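Participant: the sequence and its predicted three-dimensional model are supplied below.
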Amino acid sequence: MPHTLLVLAHPRRDSLTAQVAGRLHRRLTDEGHTVDLLDLYAEDFDPRLHPADEPDWEDRDKTYSPEVRAHMRRIEAADDLVVVFPVWWFAAPAILKGWIDRVWNYGFAYGRGKPRLAAKRMVWLGLAGGPSADYAGSGLDVAMEHQLRKGVSEFCGITASSVRLLHDTELSGVPKAQRAARVRDVFAAADAALTSFHASALEPANT
Ligand SMILES: Cc1cc2nc3c(=O)[nH]c(=O)nc-3n(C[C@H](O)[C@H](O)[C@H](O)COP(=O)(O)O)c2cc1C
């Protein structure tokens, strides 16, 4: 059965983002996957790139910090990478960006003729407060998709990768009576995204 690295990037345990990650965790486990939950805030991940983890363009075999090497091992162990995050400023939150900056490093994630991560499958699940129409109208959905899928996953050789945005996740202005239905919609969208990821990831992307 596949082993999934489930990455969560939200500071609050009762956030919708954390609830979605918890739901996917339970489902993956129920379906027989083994799951390594990487809760970046709970593990107090330091997103700052210190000199120890700066790439050395003349040495792709550089030994990075012990913390980064431990994270690299967790990625290496996974068949599937499922990344759950809130959309902040139409991008990934800083802690997640820092995880990419530090861990998806030169010589490990990219910079080799045969990419080490190529056989993995990856899905980015972003919870967006705004409606999908706003994203489509502004092109920000395409921008995020390009940045994360092409700019990170495919850059690192992971062709079986996709970005799914779950919209209308900001509930603060929603009347209390309507919130439960809204949460159910977000959960249903997350479930559908995981189902579609597992189905589509069997075929490498060709775009
Ligand atoms: C700092 C910050 C920036 C945000 N930027 C965006 C944004 O660019 N686009 C968007 O749709 N929602 C944005 N939001 C709303 C979040 O995406 C939304 O609050 C979140 O998905 C709701 O779920 P949560 O309970 O997990 O935080 C932002 C929220 C915060 C706190």
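Facilitator: Looks like it came in fine.

Participant: contact partners for residue 42?
Facilitator: residue 8 (Cβ atoms under 8 Å, 6 or more residues apart in numbering). Every C-beta, even on glycine, is put in place using the N, C-alpha and C of the backbone.

Participant: also residue 128?
Facilitator: 86, 87, 135, 165, 166, 167, 168, 169.

Participant: next one: it from residue 189, what distance?
Facilitator: 11 Å (Cβ to Cβ, to the nearest Å).

Participant: any shared contact partners between those two?
Facilitator: Shared contacts of residue 128 and residue 189 (Cβ under 8 Å, 6+ apart): 166, 167.

Participant: quick one on the thing from earlier: which of the contacts of residue 128 sit farthest apart?
Facilitator: Set against one another by Cβ to Cβ, the contacts of residue 128 have their most distant pair in 86 and 135, with a gap of 14.4 Å.

Participant: need the contact list for the residue lying closest to residue 104 once chain neighbours are set aside.
Facilitator: The spatially closest residue to residue 104, leaving aside those adjacent along the chain, is residue 156, at 6.3 Å (Cβ to Cβ, 6 or more residues apart in numbering). Listed by Cβ under 8 Å, 6+ apart, the contact set of residue 156 reads 104, 109, 110, 115, 117, 118.

Participant: go on, residue 39?
Facilitator: By Cβ under 8 Å, 6+ apart, residue 39 lies in contact with 8, 21.

Participant: where does the residue nearest in space to the middle of the chain land in three-state SS?
Facilitator: Closest to where the C-alpha atoms of the chain average out (Cα atoms, centre = their mean) is residue 83, at 2.2 Å. Counting by DSSP: H, G, I helix; E, B strand; the rest coil, the backbone at residue 83 sits in strand.

Participant: the closest residue to it other than its chain neighbours: what secondary structure?
Facilitator: The shortest distance from residue 83 to any non-neighbouring residue, by Cβ to Cβ, 6+ apart, is to residue 7 (4.4 Å). When classified by three-state DSSP, residue 7 comes out as strand.

Participant: how many neighbours does residue 7 have?
Facilitator: Residue neighbour count, defined by other Cβ atoms under 10 Å, stands at 25 for residue 7.
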